[in-house]
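Peer 1: Sequence plus the predicted model coming up.
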Amino acid sequence: MTSSGLRARIDVPGRLAADVEAGPGEVLAVIGPNGAGKTTLLTALAGLVEMSGSVEVGGRSWTHPPLPVRERRVGWVVQGQALFPHLSARENVAFGLRARGARRGEAADRAQAWLDRLGVGALAGRRPGALSGGQAQRVTIARALVTEPDLLLLDEPFSGLDVGVAATLRIELAKHLADFAGVTLMVTHDALDALTLAQRVVVLDDGRVAQTGTPSDVAAHPRTDHVARLVGLNVLSGPDGFTAFRPQDVTVSTARPEGSARLRWRGRVGGLTPHGDAVRVQVDTREAAGTDLLADVTPEAAAELRLAPGVEVWLTVKATAVRAYGGDRAGSHDGP
Amino acid sequence: MTRGLGRPPLLLLVPAGIGLTLLLVPLVSLLVVTPWARLPQLVASEEVLDALRLTGLASLSTVVLCLLIGTPLAWVLARVEFRGRSLARALVTVPLVLPPVVAGVALVSALGRSGVVGSVLRDATGVVIPYTTPAVVIAHTFVAMPFYVLSVEGALRASGERYDAVAATLGASRWTTFRRVTLPLAMPGVVAGAVLAWARSLGEFGATVTFAGNYQGITQTMPSLIYQTLQNDRETAQTLSIILLGVSVAVLALLRNRWLSAGAGTAGAGR
């Protein structure tokens, strides 16, 4: 098949207005806070919500004329369990083949082969209720891939799984995605997913695309609070673009420090959490900086400064530790 | 039972006892006064056999009709958005609260010899519905279908459209989805609704007598026969009641073991 990937311009009034493009075989991570429109993007591509705009997959338009859901070649891995509870794992995977006209025996054979590839072949006869979360998710992935879709939609594929299970599955999924010829869109809350599985990241914020780029570029130069939080960076947006600095470069003091007023903020301690060997202090500096800031201090310093929620502190950062970028702004922060 | 919460309060225990008594005393009385010795002879009488046969036929036909037209109706109410859907849903429940006699009168007005639909039907085809066995089935279906539709619609809504959406992304048509996903998932509701409809049909009296009359072998079901017998022979009426009670309890018990608990178990595992 001559595939030219995905080209979509999606407008779901009040929820999402986004342009998304991806080449064949490319894995696109979609990240953003709750309510940013991530799931809406996937359901719109699948044809499950009313939208205007256009979707083109593999050189074929899905919107002009509009294709019903069942004629779009999508594989859909939904958040949580969406396996048919009354069918066995094998019947679940065979369902899409049967619905598209494959004979019973052939469908069962191909389903079994995919279950084997995902390491759950021995569980083919079990119903979803008798599978663990990780096993069920493997079956769901097999069910999505067995129909050889042009567009694979993964909605938080590892959410609700134990950390270890998620880690193993992530590695395996990466293998299968490398063999997959179609386009993959993966909604995730986890920076690790984006960094390990995706070639490109689309950051959604408030129903708009706030940023696109390679995972490392987005992680180094976040343009939204959400991504800044995900990668653990302090990011301030100003008229000239963004400035970013790491929590470990922030100094915390209880007395007003000397130095440039531009890199000095007053605020109240919101919370303290252990972070590696350090204590990560979240400071409510919304008045001074427009957003909360993070600072890493040693446990000794935290005790000495008597840091506790509500305590008033000053934060400073050296100019040499600050990176500035994104002077063009790219219209990225102009929300609706 | 959680211990250590203290004694159940009398304010709840006393009314509960009264409620239980109210439900049990009539049934126990019926068992006590029934002339059991006459039972075999009565069951073998032609009148009773006719009524039993007709009751069985009518209640089974009612269940089949509910399955054939009630299931699609429940699906449309649960899955298709259209203007007046909430009105349609409300109308479906009307026969639930309608006094059966009123239901009978309404059926006469519609399908009676000179009714709105009945007169047209008679002029066109010569078919007359009232006072026939089909009239019994129609009356039973009219009063029993709401129970079925509500139960199935509830099950369809509970299983949600999520699985329908998944099936669609897998390439399934709506009919395939209905057949292979929606209906199997709603099966506990279908079984429960069928049992409810069947039980309602078994005891149906008012609408049937009003619309279909009380003719032995044609429209006389067990409840009609019991009512007729009670006028001049109370003992026989009591014995007949025991038969009907026995039949319904036996079938319910059978279904409970075979279907209801198993069905509920499947639904639970699906969550």
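Peer 2: Received, thanks. Numbers count the residues shown, from 1 in each chain, chains lettered A, B, ... in the order given.

Peer 1: CA only for contacts and neighbour counts going forward, please
Peer 2: OK.

Peer 1: what's the span of stretch A:202-217, first residue to last?
Peer 2: With C-alpha to C-alpha, to the nearest Å as the measure, stretch A:202-217 spans 11 Å from end to end.

Peer 1: so what pLDDT did A:Thr2 get?
Peer 2: Predicted confidence (pLDDT) for A:Thr2: 45.

Peer 1: where does the closest residue to A:Asp190 other than its chain neighbours land in three-state SS?
Peer 2: Counting by C-alpha to C-alpha, 6 or more residues apart in numbering or on different chains, A:Asp190 lies nearest to A:Leu230, which is 7.4 Å off, once chain neighbours are set aside. Classification of A:Leu230 by DSSP: H, G, I helix; E, B strand; the rest coil places it in helix.

Peer 1: Show me which residues of the stretch 1-150 of chain A sit near chain B.
Peer 2: By C-alpha under 8 Å from any C-alpha of the partner chain, the residues of the stretch 1-150 of chain A that approach chain B are A:46, A:48, A:69-76, A:82-86, A:95-97, A:99-100, A:128-129, A:144, A:147.

Peer 1: In strands, which of those fall?
Peer 2: A:Val74, A:Gly75, A:Trp76 (DSSP state E).

Peer 1: what mean pLDDT would you report for stretch B:178-187?
Peer 2: 94.

Peer 1: and it, which residues are buried?
Peer 2: Neighbour counts over stretch B:178-187 (16 or more other C-alpha atoms under 10 Å in any protein chain shown) mark B:Phe178, B:Arg180, B:Val181, B:Thr182, B:Leu183, B:Pro184, B:Leu185, B:Ala186, B:Met187 as buried.

Peer 1: Is there proximity between it and chain A?
Peer 2: Yes. Using C-alpha under 8 Å from any C-alpha, stretch B:178-187 reaches chain A at B:Val181, B:Pro184, B:Leu185.

Peer 1: thinking again about what came up before, just checking, the residue nearest to A:Asp190 touches A:Ala191?
Peer 2: Yes. If you go by C-alpha atoms under 8 Å, A:Leu230 and A:Ala191 touch, sitting 6.0 Å apart.

Peer 1: all helices for the stretch 101-250 of chain B, in order.
Peer 2: Along the stretch 101-250 of chain B, the stretches classed as helices by DSSP state H, counting those that start in this stretch are B:118-125, B:133-159, B:162-169, B:174-177, B:183-185, B:187-203, B:206-212, B:222-230, B:234-255.

Peer 1: Compare those and give me the one nearest B:Val28.
Peer 2: Among the helices of the stretch 101-250 of chain B, helix B:234-255 comes nearest to B:Val28, with 10.8 Å by C-alpha to C-alpha.

Peer 1: Now do that closest one: everything it contacts.
Peer 2: With contacts defined as C-alpha atoms under 8 Å, 6 or more residues apart in numbering or on different chains, helix B:234-255 is touched by B:30-31, B:33-36, B:38-39, B:42, B:195, B:199, B:202, B:222, B:226-227, B:229-230.

Peer 1: before we move on, what about stretch A:146-166?
Peer 2: So stretch A:146-166 is in contact with A:39, A:42, A:57-58, A:73-80, A:93, A:96-97, A:110-111, A:114, A:133-134, A:137, A:144-145, A:169-170, A:181-189, B:170, going by C-alpha under 8 Å, 6+ apart.

Peer 1: Can you give me the neighbour number for the residue of chain B at minimum distance from chain A?
Peer 2: Going by C-alpha to the nearest C-alpha, chain A is nearest to B:Gly171 of chain B, at 4.0 Å. Residues lying near B:Gly171 (other C-alpha atoms under 10 Å in any protein chain shown) number 27.

Peer 1: Surely it and A:Pro68 touch.
Peer 2: No. In this structure B:Gly171 lies outside contact range of A:Pro68 using C-alpha under 8 Å: 9.5 Å.

Peer 1: for A:Asp296, helix, strand, or coil?
Peer 2: From three-state DSSP, the assignment for A:Asp296 is strand.

Peer 1: okay, now it: neighbour count?
Peer 2: 25.

Peer 1: Could you do B:Thr133 as well?
Peer 2: Neighbours of B:Thr133 (other C-alpha under 10 Å): 22.

Peer 1: Now for it: which residues touch it?
Peer 2: Contacts of B:Thr133 by C-alpha under 8 Å, 6+ apart are B:Ala58, B:Ala212, B:Ile218, B:Thr219.

Peer 1: does B:Val181 really touch A:Phe84, like I thought?
Peer 2: Yes. Assessed by C-alpha under 8 Å, B:Val181 is found in contact with A:Phe84 at 7.3 Å.

Peer 1: residues shared between the contacts of these two?
Peer 2: Listed contacts common to B:Val181 and A:Phe84 are B:Tyr163; contacts here mean C-alpha under 8 Å, 6+ apart.

Peer 1: circling back: what subset of the contacts of helix B:234-255 is buried?
Peer 2: By 16+ other C-alpha under 10 Å, the contacts of helix B:234-255 give B:Leu31, B:Thr34, B:Leu42, B:Val195, B:Ala199, B:Leu202, B:Met222, B:Ile226, B:Thr229 as buried.
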